[in-house]
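# Just the structure for this:
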Amino acid sequence: MGEIIFENGPDAICFYTQVQKYLQEAGHGIEIQVIEDRHCTKILFESLDGDSIDKFAQAFWGYLTGAKWDEWFRGILQDAYYFSDPAEQQQIIDIMHAILEGDRSDLFIFLGKNGPERYVKESIGQMLKEGTSFSFDSFVKFRLRPFFDYMEEVAALSIDEYKMEQEYLIFIESLREFVQGRPARMELLHVLTGEEITFYDDKLAEVKRADLAKMIDRKLLINHPVYVDSYSIAPLLSIAPSTIHLYTEEPEMPLIRTIINIFEERVELHKPAEFPAKA
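Alright, predicted model coming up:
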């Protein structure tokens, strides 16, 4: 018989519930008991064979990532990076989950191929094999340094992305104000995207690059050199059309999202095949 000692009773109950659920779903009837002492809560389990140890280790990993990760991640955000506002923390946590769940593959590649999962499972597996009593808190403190190192990597990456998103939102808001304060130089503009972006006036005559260049407000390129390019955003901002018919196959691509975010209700999305000149 082995036991895991928890100093925090609610942690022990959460661990017990999650491990029991996982083992039942996996078809393993391992007997686990909860014993509440005055100063701690003990999780007792029967002797485990190789397969049971693997399942228990998997359940342990699930408990860490499902029940403890966000709590510990918030601690890193507050103690190491001084993000104390709960709403701000939650925005960074949402980015973290998107990275780890594969929704942000562009960011996940910066973490490397090998996370701490294998190490954690092997470490807890070794403790379970010995079948002795050990403290959960001591195990976390002395055995899970690679886990926390990885968490700190994810935190740094998530914070960088959060800051970039905040800068982008400020940038978008400043350009919205810029557009709102300008008279429209064209009531209607057709914007056809593909290998390059092409502008057409309300009579479907192409607006040549030389003419677009003459319309560009140079302050835009000076004040926003990173985000504003002279081929798409700068001409649109300078023209400030009342209505934009935007033709694209990829409405989620960054350029298209930026145009939509700036001009909002002025934009009407269409497929390139709907462009009138193609009829």
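# Sketch out the low-pLDDT regions of the stretch 101-250 of the chain for me.
Within the stretch 101-250 of the chain, the segments meeting pLDDT under 70 span 220-228.
# That one: strands as residue ranges?
Counting by DSSP state E, counting those that start in this stretch, the stretch 101-250 of the chain has these strands, from start to end: 133-135, 188-192, 198-200, 243-247.
# out of everything not next to it in sequence, what's closest to the most centrally placed residue in the chain?
Per C-alpha atoms, centre = their mean, the C-alpha nearest to the average position across the chain is that of Ile95, at 2.4 Å. Nearest residue to Ile95, sequence neighbours excluded (C-beta to C-beta, 6 or more residues apart in numbering): Ser158, at 4.4 Å. Quick note: C-beta positions are derived from backbone N, CA and C, even for glycine.
# The one you found is in contact with Gln91, isn't it?
No: under the criterion of C-beta atoms under 8 Å, Ser158 is not in contact with Gln91, lying 9.2 Å apart.
# So between these two, which is more surrounded?
Using other C-beta atoms under 10 Å, the more surrounded residue of Ser158 and Gln91 is Ser158, with 25 against 16.
# List the residues that contact that one.
By C-beta atoms under 8 Å, 6 or more residues apart in numbering, the contact list for Ser158 reads Ile92, Ile93, Ile95, Met96, Ile99.
# if we go to 10 Å?
Contacts for Ser158 (C-beta atoms under 10 Å, 6 or more residues apart in numbering) come out as 73, 77, 81, 91-100, 104, 107.
# And Trp72, by the same measure?
Trp72 neighbours (C-beta under 10 Å, 6+ apart): Leu64, Val140, Leu144, Phe147, Phe148, Met151, Ala155.
# Please identify which of those is nearest to Ile5.
The closest of the contacts of Trp72 to Ile5 turns out to be Val140 (C-beta to C-beta; 12.1 Å).
# Let me see the contact set for that closest one.
Leu64, Lys68, Trp72, Phe147, Phe148 are the contacts of Val140 under C-beta under 10 Å, 6+ apart.
# mind redoing it with 8 Å?
Counting by C-beta under 8 Å, 6+ apart, Val140 has no contacts.
# What about the spatially closest residue to Glu117 that is not a sequence neighbour, how many residues nearby?
Once flanking residues are discounted, Glu117 sits nearest to Trp61: 5.9 Å by C-beta to C-beta, 6+ apart. Residues near Trp61, counting by other C-beta under 10 Å, number 18.
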